[in-house]
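>>> Any chance you could fold what I've pasted below:
(one chain, ligands or ions: 1)
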Amino acid sequence: MTVKTQVLILGAGGAGMMCAIQAGKRGRNVILLDHAKKVGGKILISGGGRCNFTNLGASPNQYVSQNPHFAKSALARFTPSDFIELVQNHGIAYHEKKLGQQFCDGSAQQIVDLLLSECKSAGAEFKLETRVNSIEQLPEEENPLRFLVTTTSGAIECESLVIATGGLSIPKIGATGFGYEIAKKFGLALVERAAALDGFVLSTEDESRFGGLAGLSFDSKIEVRGKVFREAILFTHAGLSGPATLQASLHWYPGDPVTVDLLPDLDVFEWFLSKKKTGNKSIVRNLLSELLPARLSERFCELYFKDSRPLPDVSEKELRAFCEVLKAWTFVPKETVGYSKAEVTRGGVDTNELSSKTLEAKKVAGLYFIGEVVDVTGWLGGYNFQWAWASGAAAGAVV
Ligand SMILES: Cc1cc2nc3c(=O)[nH]c(=O)nc-3n(C[C@H](O)[C@H](O)[C@H](O)COP(=O)(O)OP(=O)(O)OC[C@H]3O[C@@H](n4cnc5c(N)ncnc54)[C@H](O)[C@@H]3O)c2cc1C
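Numbers count the residues shown, from 1 in each chain. So this is what the prediction gives:
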């Protein structure tokens, strides 16, 4: 028997559930379909298990897209305060960690429970552990039903079909490229995809130089393509991680150099000069370890300073050249870490194909794309969930 519904949403993550809530509240019949056993898998693993559910400063400026204006409309209509109001209404304790980032005090499960409870109140029905076999457009007639979706739990006909299947990151919890396949099937263009917010793998040469620093973390300023982030960097066995590096990986394209200021608050050349003037006789490496972790200071001295003379024996020219490396250590990563660790997929359904107000495909009436599957990718810090909520709400208001 074919089930008929007004709205069928593929993907019960943050975007899909928010869309279901808004559409259900308008009195629309909604079915949410997901191949996973449980809804909101990414929410559960987000923010170290505490879900950084929004950012107070969210604006279109923190999103990467081929059309930087696309996200404006949806973000303006469902704001961080709107989501925080929901969090407060559900009695969930939360706090700001830093830089406007809002986290649950308890567990990310509370955000999933909030969404499930709102979906229930809105009358949305879930079909979990269900796979889609095919999607066909129904002939345009008087009949408002536009799509026939055959699934492992039977056939469903719907007026509006919403694609909220997310991106490719973390395949082991069920991420697939299904949304991109649907876009292709309907002739919609895609922007090239890449794993992002995942950090860098160093070149083989750099890995042999810096691999020994694994586990070492330090405050830094990192720059790629003119974007600058001030946060911690963490050396790993094969590369660099930590929040500053994750941010940089979102803006990085193969071959781009990455520049790190190891001492962002200090004119380190002036600092060495002042030590020189006061007659300090320490060797440079020991002096530098007053400013940087000892292992880091030692490695940079070995690589870029060569010997370990006392400060009075070092010329200003040599000192200046070394300080330039410390202020602008530049390397070209081999690649980013990849989808097994990435928080997001950059790229996706080309925004030129969608209405920025409703997220409906311009070429296919009744077909919507929301959340991460769209070419709108947020920085680290709660911005990706804010896009999931906002794009879900925008579609939910019209489907
Ligand atoms: C480790 C990690 C931590 C993160 N932390 C944060 C954070 O703290 N703050 C933040 O803002 N963002 C964070 N993100 C990013 C954020 O989780 C995503 O951007 C967001 O979940 C995207 O929402 P979505 O609804 O578009 O897609 P998803 O949440 O990925 O939901 C897609 C749903 O579609 C289902 N699906 C996929 N393919 C199919 C298919 N073929 N058939 C049926 N169903 C399918 C999936 O099972 C899933 O339930 C994190 C991501 C990761 C991986």
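>>> Phe218 contacts Ser297, doesn't it?
No: using Cβ atoms under 8 Å, Phe218 is not in contact with Ser297; the gap is 10.1 Å. To be clear about C-beta, it is placed using only N, CA and C from the backbone, and glycine gets the same treatment.
>>> For those two, indicate the residue with more neighbours.
Neighbours per residue (other Cβ atoms under 10 Å) separate Phe218 from Ser297, with Ser297 holding more: 21 against 18.
>>> Point out the other elements, helices or strands, that the helix or strand that one falls within touches.
Ser297 is located in helix 294-304, with elements delineated by DSSP states H and E. Using 3 or more Cβ pairs under 8 Å, 6 or more residues apart in numbering; DSSP states H and E as the contact test, the elements touching helix 294-304 are helix 204-210, helix 284-288, helix 316-327.
>>> Backbone torsions only: list them for Gly167.
phi -110, psi -160 (degrees, to the nearest 10).
>>> actually Ala20, sorry about that
Dihedral angles for Ala20 - degrees, to the nearest 10 - are phi -60, psi -40.
>>> For it, give its distance to the ligand.
Going from Ala20 to the ligand by Cβ to the nearest ligand atom, to the nearest Å gives 11 Å.
>>> and that residue, what does it touch?
By Cβ atoms under 8 Å, 6 or more residues apart in numbering, the contact list for Ala20 reads 7, 9, 12, 30, 32, 119, 122, 124, 396.
>>> Write out the residues of the stretch 1-150 of the chain neighbouring the ligand.
10-16, 34-36, 41-42, 45-47, 51-52, 131-132 (Cβ under 6 Å from any ligand atom).
>>> Report the buried members of these.
10-16, 34-36, 41-42, 46-47, 51-52, 132 (16 or more other Cβ atoms under 10 Å).
>>> need the contact list for the spatially most central residue of the chain.
The structure's the chain has its C-alpha centroid closest to Val344; by Cα atoms, centre = their mean the separation is 4.2 Å. For Val344, the contact set (Cβ under 8 Å, 6+ apart) comprises 167, 169, 196-197, 250, 372, 377-378, 384.
>>> from these, which is closest to Ser65?
Ranked by distance to Ser65 (Cβ to Cβ), these are led by Thr377 at 7.0 Å.
>>> before we move on, the earlier item: so which of the contacts of Ala20 are in strands?
7, 9, 30, 32 (DSSP state E).
>>> Selecting buried members of these in PyMOL, what would you type?
Buried subset of these, written as a PyMOL selection, criterion 16+ other Cβ under 10 Å:
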select buried, resi 7+9+30+32
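>>> Including pLDDT, could the ones in strands among the contacts of Ala20 go into JSON lines?
Listed next are the ones in strands among the contacts of Ala20 as JSON lines, based on pLDDT from 0 to 100:
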{"residue": "Val7", "pLDDT": "98"}
{"residue": "Ile9", "pLDDT": "98"}
{"residue": "Val30", "pLDDT": "98"}
{"residue": "Leu32", "pLDDT": "98"}
